[in-house]
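[1] sequence-free structure coming up:
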């Protein structure tokens, strides 16, 4: 349309879903995919209280991940789970799915896994879709050029009952990463560098589009990691424009269109990238060659620094609120100002979570661990049962086991600690997860976020370590 | 939902940035039903020692702040997890308004859906109020109609999405309004099925749903 203003990727996806717009500017958006999990019980209870039904059952898909045990057999059903609270949570979601006739990737389904791994893996996640879930890391699915965001229980109930949500159009923000990433540097380093630069609320009330040559060069796995962490910069959602990389990933996935239908869809998807002169409300650019292997030291993902740096000093920080934040972070983490990051010893490592548990993440960690022993204990939980199978076919499980790490089943596991995979109070963990919040991995736990390769390096040396020398010649 | 007009209440300072929803309610408390109440576990690991003793230095444990209806915090309050239980915990503890320079987006929506006002106030104003409260003052007022806050003879304007403001002022919930548009949604969906067939998933097999296997 010649008279239409240039639109961004976000605008195009948004516009295609507006059922109606209210006088006050709120738009009622059609929701293409709603994923629910064990934690969605509050929403189902709201439906029960109203005696409400789910009018569009095919578009609501359940996954068991948040509370699921990562040890023990899964083929005996939820009733065989030993812990009564966990058993009840898994039974509840199973019952709710059955009651409303909803698809569920349950405890013993071959497609079980973490919701943000399962969606892409099954081809449920597609470009141009609106995707919601009662989980903040729903931003992950934006890697395909979908409009995806986390919602609370009242909104989950609203989607189940109406297949829509009322939304106000957020601001548009473009974050470009230009140039080429150095060896050993990946999407996790890019994402943490962005958060350190703009702050944990730096993208609040904005829809972010990641662009630039370094983003275009990322695999789908890398883009998923990047968009997963969009929420840690406060973004409403994070998106990457669909391209040939996206199509190559989706071709042949179980729930993606097949054959001629795929080609028809692909034509529509490749029209989604923003128009050349589409305007953004804010723009930030980073240079890929300035991005180093990065780790967090404090209790917010914005507390991130290159592993070669030293810890900040609150006494030398001008802003009193920031100084208080640094003091609080150092105190909780048991660290001191001026300490070298690479001197920090860890007690444990964790590889997993919706951020970094895909096959490429496991390969990156295994590349460092192959032929080496971990100095500390650790857990490796693949992102899905299918990722687990593939890793075992590639022999990666042997590498982890031979290094001394535990190879377990798929689930949210030690990222959120709801299933009993927890750190002890005061324990320090090098972790591929997304949140270094106080107590996130268990009461009193201390988390350092980093890439899978960097976690593997910390496992090998027993302290935070620059992975790059360990990769030489590999 | 109870409408929110003006609130004159005891305020509690929480001079921390990035108070995430994991701190507002630790994950281990989230399996309880809504009817069990969440007020006792608000900020549990900051409020209580390992043995469950109230930490005397923590502001919410200060007897002068008993029954606080307003919480004042630094930037990025409610960041992190989408758990609506964070809003349940605040509301069940008696908090009706949080004042901070910025909020997590998902938390803000959840707050409004539970009648809790997330009011964005300039950082300088927040710092002034924090210092004023920490000097021993307690009573503040919040006027949602005028979008203003007053304390110690001073007042400031705060920011809130106008739609959320209307919703809070009237105590509205969305779902009844939306259900009144069911026919429009259905018409949209019908057109959309033809336009974007790939967006619509096949019917769910009638077998045991937990046995779901990937489609061929």
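    Received the coordinates, thanks. What you are looking at is a predicted structure, and each value in this text was computed from that prediction instead of being measured.
[2] looking at it, residue B:28 is touching residue A:420, isn't it?
    No: with contact defined as Cβ atoms under 8 Å, residue B:28 does not count as touching residue A:420 (9.8 Å). Bear in mind the C-beta positions are built from the backbone N, C-alpha and C, glycine included.
[3] Distance of residue A:153 relative to residue A:137?
    Separation of residue A:153 from residue A:137 (Cβ to Cβ, to the nearest Å): 16 Å.
[4] Next: residue A:360.
    For residue A:360 relative to residue A:137 (Cβ to Cβ), the value is 18 Å.
[5] Looking only at neighbour counts, state which of the two leads.
    residue A:137 (28 against 18; other Cβ atoms under 10 Å in any protein chain shown).
[6] what secondary structure does that one sit in?
    What DSSP: H, G, I helix; E, B strand; the rest coil gives for residue A:137 is helix.
[7] I figured it hits residue A:357, correct?
    No: with contact defined as Cβ under 8 Å, residue A:137 does not count as touching residue A:357 (11.8 Å).
[8] who touches the longest strand along chain B?
    Determined from DSSP state E, the single longest strand within chain B is strand B:6-14. With contacts defined as Cβ atoms under 8 Å, 6 or more residues apart in numbering or on different chains, strand B:6-14 is touched by B:59-60, B:62, B:64-74, B:96-97, B:117, B:129-130, B:133-134, B:138-145, B:151.
[9] Off-centre distance for stretch A:57-76?
    Distance of stretch A:57-76 from the chain centroid (Cα atoms, centre = their mean, to the nearest Å) equals 18 Å.
[10] That stretch spans what distance, first to last residue?
    Using Cα to Cα, to the nearest Å, the end-to-end distance of stretch A:57-76 comes out at 27 Å.
[11] buried sites along that stretch?
    A:57, A:59-70, A:74 (16 or more other Cβ atoms under 10 Å in any protein chain shown).
[12] Do I have it right that residue A:117 meets residue A:358?
    Yes: the criterion here is Cβ under 8 Å, and residue A:117 meets it with residue A:358 at 6.2 Å.
[13] Which residue ranges of the stretch 251-400 of chain A form helices?
    Secondary structure of the stretch 251-400 of chain A (DSSP state H, counting those that start in this stretch): helices at A:259-269, A:320-333, A:359-369, A:385-393, A:396-403.
[14] out of those, deepest packed?
    Mean neighbours per residue, mean count of other Cβ atoms under 10 Å in any protein chain shown, is largest over the helices of the stretch 251-400 of chain A for helix A:359-369, with a mean of 24.
[15] Taking helix A:385-393 as reference, get the angle to that one.
    In terms of direction (axes from the mean of the first three to the mean of the last three Cα atoms, to 10 degrees), helix A:359-369 departs from helix A:385-393 by 30 degrees.
[16] Relative to residue A:121, how far out is the single nearest residue of chain A relative to chain B?
    Across chain A, the shortest distance to chain B (Cβ to the nearest Cβ) belongs to residue A:106, at 3.0 Å. Remark: distance between residue A:106 and residue A:121 (Cβ to Cβ) = 16 Å.
[17] same deal with residue A:150?
    From residue A:150 to residue A:121 the distance is 19 Å (Cβ to Cβ).
[18] and what of residue A:263?
    Residue A:263 sits 22 Å away from residue A:121, going by Cβ to Cβ.
[19] Same question for residue A:387.
    Taking Cβ to Cβ as the measure, residue A:387 falls 7 Å from residue A:121.
[20] ditto for residue B:64
    54 Å.
[21] More neighbours: those two, which one.
    residue A:121 (24 against 12).
[22] Give me the three-state assignment for the more buried one.
    When classified by three-state DSSP, residue A:121 comes out as helix.
[23] Tell me where the model's unsure across the chain.
    With no chain named, the answer covers chain A. A:1-3 (pLDDT under 70).
[24] try chain B instead
    B:207-216.
[25] Neighbours of residue B:179, how many?
    15.
[26] ok so, going back, got a quick PyMOL command for the buried subset of the contacts of strand B:6-14?
    Here is the PyMOL command that selects the buried residues among the contacts of strand B:6-14 (16+ other Cβ under 10 Å):
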select buried, chain B and resi 59+60+65+68+69+70+71+72+73+74+96+97+117+129+130+133+138+140+142+144+151
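[27] restrict the contacts of strand B:6-14 to contacts with chain A.
    For chain A, the contacts drawn from those by Cβ under 8 Å from any Cβ of the partner chain are residue B:74.
[28] just to revisit the earlier point, how about a markdown table for the helices of the stretch 251-400 of chain A, with distance to chain B added?
    Formatted as a markdown table, the helices of the stretch 251-400 of chain A follow (distance: least, Cβ to the nearest Cβ, whole Å):
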| stretch | distance to chain B |
| --- | --- |
| helix A:259-269 | 4 |
| helix A:320-333 | 5 |
| helix A:359-369 | 16 |
| helix A:385-393 | 8 |
| helix A:396-403 | 22 |
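[29] out of these, which comes closest to residue A:165?
    Comparing the helices of the stretch 251-400 of chain A against residue A:165 with Cβ to Cβ, the closest turns out to be helix A:259-269 (22.6 Å).
[30] Could you double-check that residue A:339 lies in contact with residue A:313?
    No: with contacts counted by Cβ under 8 Å, residue A:339 stays clear of residue A:313, the gap being 10.0 Å.
[31] Mind listing what's buried along the longest strand that chain A contains?
    Secondary structure of chain A per DSSP E: the longest strand is strand A:171-178. For strand A:171-178, the neighbour count (16+ other Cβ under 10 Å) marks A:172, A:173, A:174, A:175, A:176, A:177 as buried.
[32] For chain B, tell me whether the next helix or strand along the chain from that strand is touching it.
    Heading C-terminal from strand A:171-178, the first helix or strand you meet, by DSSP states H and E, is helix A:187-198. No: figure legend: helix A:187-198 not in contact with chain B (Cβ under 8 Å from any Cβ); closest approach 11.1 Å.
[33] Now do helix A:187-198: distance to the chain's middle.
    For helix A:187-198, the distance to the chain centre is 14 Å (Cα atoms, centre = their mean).
[34] ok, now stretch B:40-52?
    Distance, centroid of stretch B:40-52 to centroid of chain: 19 Å (Cα atoms, centre = their mean).
[35] Against residue B:170, how distant is residue B:154?
    29 Å.
[36] Which residue is the nearest non-sequential neighbour of residue 141?
    Picked chain A for this. For residue A:141, ignoring the flanking residues on the chain, the nearest one in space by Cβ to Cβ, 6 or more residues apart in numbering or on different chains is residue A:148 at 3.7 Å.
[37] The chain in question should be chain B.
    residue B:8 (4.5 Å).
[38] Show me the domain layout of chain A.
    Domains of chain A are assigned by automatic domain parsing as A:9-167, A:171-290, A:295-471.
[39] okay if I get these as TSV plus distance to residue B:19?
    Output for the domains of chain A, formatted as TSV (distance: least, Cβ to Cβ, whole Å):
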stretch	distance to residue B:19
domain A:9-167	15
domain A:171-290	11
domain A:295-471	10
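[40] State the three-state secondary structure for residue A:424.
    coil.
[41] didn't it look like it was pressed against residue A:442?
    Yes: if you go by Cβ under 8 Å, residue A:424 and residue A:442 touch, sitting 6.8 Å apart.
[42] higher neighbour count, the two?
    Per other Cβ under 10 Å, whichever of residue A:424 and residue A:442 has more neighbours is residue A:442, with 22 against 12.
[43] contacting residues for that one?
    Contacts of residue A:442 by Cβ under 8 Å, 6+ apart are A:417, A:422, A:423, A:424, A:425, A:427.
[44] Residue B:199 too?
    A:32, A:126, A:128, A:129, B:192, B:193.
[45] okay, now the fifth one: neighbour count?
    In this case it means residue B:192. Neighbours of residue B:192 using other Cβ under 10 Å come to 17.
[46] Many thanks, we can stop here.
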